[in-house]
Each structure stands twice: as C-alpha cells, then as structure tokens.
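> Everything below, folded, please.
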Amino acid sequence: MRKSELMTLWNVESWTVEPYGVYFVSRRLVNNRLENEGQAFQKLNISCTNYTEAEVLSLPMWEQLYVQLEKLDKLAQELIQQEVPQEESIVLTLTDIMLDKSGCYDAFALGYDVGESPAGHLYVLAPFDENFTAQQDVIYETL
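Numbering: from 1, shown residues only. Got it, this is the predicted structure:
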C-alpha cells in the first residue's frame with residue numbers, strides 16, 4: 001500500500017517515523033455514544049513499534065482492519081467487560097491500536113484508556129491474532 005493510500009483510508013492527521021517505530025493519529029467518524037445521535041470524530045493513536053515505514057506500508061492488514069474495526073472494538077469491549085466485576089461499570093473508548101514486532105500483543109491490540117486506578121493510570125489492551133481472532137486474555141498496563 002502506498003503511504004498516501006494508507007493516510008487517506010485511515011484519515012491520518014499526523015505521521016511520525018522514529019528510530020523505534022512508526023506512529024500516526026487517525027481521525028475516524030463514529031457514532032456519538034453519549035447522545036446516540038449525530039456523528040463525532042474520534043482520534044485513534046496507532047503505534048507500530050520496531051517497524052520501519054516500509055514495513056508498515058507493506059502490512060496486508062490495514063484495509064481489513066479498517067473495515068472490521070467497529071466489530072473488533074465491540075468484541076474487545078465484551079471480553080474486557082467479562083473481567084470487570086458486575087457491580088463496577090466502566091465506559092470503554094477505543095484510543096489505540098498497537099502493533100509490536102516482539103509479538104507481545106500477538107498481531108495487534110486494541111487499547112482502552114480506563115483512567116486512574118490505585119496502581120496508576122490504567123490501560124486495558126485486547127490482543128488479536130493475524131486472523132483477527134480475539135485472544136481470551138486481556139492485558140492491563142499502568143503508567
């Protein structure tokens with residue numbers, strides 16, 4: 001995929017190439033969940049750690065991921081909510097897509113900023129494999 005095609009597909013507002021990876025911010029049009037009416041733009045941080053720009057552009061998953069993102073988001077949220085005690089309700093908003101050559105997220109992970117916790121600022125990651133199948137174990141990270 002050419003860079004211009006990827007940037008158009010994902011509505012990229014910024015693109016950064018660093019020695020340790022490629023990072024970009026996408027703006028996607030989503031239903032506003034608070035009002036259930038109208039549309040709103042949501043920023044989505046996409047990090048490709050330990051990838052070169054050429055490797056990012058050669059990944060075959062971008063179009064399929066874009067098309068299936070809403071479905072994958074819903075599936076990830078269901079998996080995360082299964083692990084949350086029923087008396088606690090958390091609102092999950094997709095904030096990140098993470099790829100890492102080390103494979104620590106399998107093929108990629110969808111990330112959710114949960115907010116402050118006793119251990120610090122909490123993120124929950126839902127990993128997926130190269131077939132877009134959700135892995136059963138979610139990952140918790142704190143900053």
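
> and Leu44, bridged to which residues?
Beta-bridge partners for Leu44, by DSSP bridges, are Ser26.

> was I right about it contacting Thr95?
Yes - between Leu44 and Thr95 there is a contact at 6.9 Å, judged by Cβ atoms under 8 Å. (Glycine included, C-beta is placed from N, CA and C.)

> Neighbour count: those two, which is higher?
Leu44 (22 against 15; other Cβ atoms under 10 Å).

> need the contact list for that one.
Val25, Ser26, Arg27, Arg28, Leu94, Thr95, Asp96, Ile97 (Cβ atoms under 8 Å, 6 or more residues apart in numbering).

> And Glu130, by the same measure?
Glu130 neighbours (Cβ under 8 Å, 6+ apart): Met61, Asp106, Ala107.

> Tell me the buried residues in whichever strand or helix holds the second one?
Of the helices and strands defined by DSSP states H and E, Asp106 is found in strand 104-117. Of the residues in strand 104-117, those buried under the neighbour-count criterion (16 or more other Cβ atoms under 10 Å) are Tyr105, Ala107, Phe108, Ala109, Leu110, Gly111, Tyr112, Val114.

> farthest pair in those?
Ala107 and Val114 (22.7 Å; Cβ to Cβ).

> which residue packs closest to Asp137, ignoring adjacent ones?
Leaving aside its chain neighbours, Asp137 sits nearest to Pro127 (7.5 Å; criterion: Cβ to Cβ, 6 or more residues apart in numbering).

> Which element, helix or strand, includes the one you found?
strand 120-128.

> Which residue lies closest in space to the residue nearest the centre of the chain, excluding its sequence neighbours?
Computing the C-alpha centroid of the chain and ranking residues by Cα atoms, centre = their mean puts Ile97 first, at 2.3 Å. Take Ile97 and drop its neighbours on the chain: the residue closest to it by Cβ to Cβ, 6+ apart is Ile46, 4.6 Å away.
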